[in-house]
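Chemist: Need coordinates for the following:
(one chain, ligands or ions: 2)
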Amino acid sequence: MHRDPDCIFCKIVSGEVPSFKLFEDEATFAFMDINPANEGHALVIPKEHTPDLYAAPDEVLARTVVTAKRVATALTRTLNPDGLNLIQCNGAAAAQSVMHFHIHVLPRITDDALAMNWGLKLGDIDAIGRLAERIRVWI
Ligand code: AMP
Ligand code: ZN
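Modeler: Ligands and ions are numbered 1, 2, ... in the order given. Modelled structure (predicted):
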């Protein structure tokens, strides 16, 4: 499986960088975003390093979307949000900051006024860890 030794998400998959893991299977890995745009913000990635939508093989995309549905369902059971976005960014202009394909799973609250290209603001790490435990129950 292709891995980029300088990629932060490849390091998360290998365990070299810690994460609040929610789920993994042979092809995909899901974990909490540490700069959450909303409570419960999670990321789903293929284990194989692939930079963006265009480079990702169809099979990899399909597996990643299926895991995103699984995480979205668990998040919804945990937090009962009003809505939920799946967001995927390609290129700096589209606010892609990590060049390893990923899908944001983002719970939404009515009138939360969340805008695209949100800035990165470190979340409450203890609270994120506790929430990950609650979501894992549903995965
Ligand atoms: P994007 O801007 O679409 O490339 O999204 C990358 C996301 O990765 C951002 O929302 C970051 O908060 C998140 N992120 C970066 N490094 C980490 C990390 N070590 N653990 C969890 N999330 C991360
Ligand atoms: Zn990578």
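
Chemist: what residues does the chain put near ligand 2?
Modeler: 4, 7, 9-10, 49, 100 (C-beta under 5 Å from the ion). C-betas here are computed from N, CA, C, even on glycine.

Chemist: And the buried ones among these, selectable in PyMOL?
Modeler: Filtering the residues of the chain next to ligand 2 down to the buried ones (16 or more other C-beta atoms under 10 Å) takes a single PyMOL command:
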select buried, resi 7+9+10+49+100
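
Chemist: now for the residues of the chain next to ligand 2, which pair is the farthest apart?
Modeler: Of all pairs drawn from the residues of the chain next to ligand 2, the one with the longest distance (C-beta to C-beta) is Asp4 and Phe9, at 8.7 Å.

Chemist: Identify the contacts common to those two.
Modeler: Contact criterion C-beta atoms under 8 Å, 6 or more residues apart in numbering; residues shared by Asp4 and Phe9: 49, 100.

Chemist: got a list of what the residue nearest the centre of the chain touches?
Modeler: Nearest to the mean C-alpha position of the chain, counting by C-alpha atoms, centre = their mean, stands Leu43 at 0.3 Å. Residues in contact with Leu43 (C-beta under 8 Å, 6+ apart) are 30-33, 102-105.
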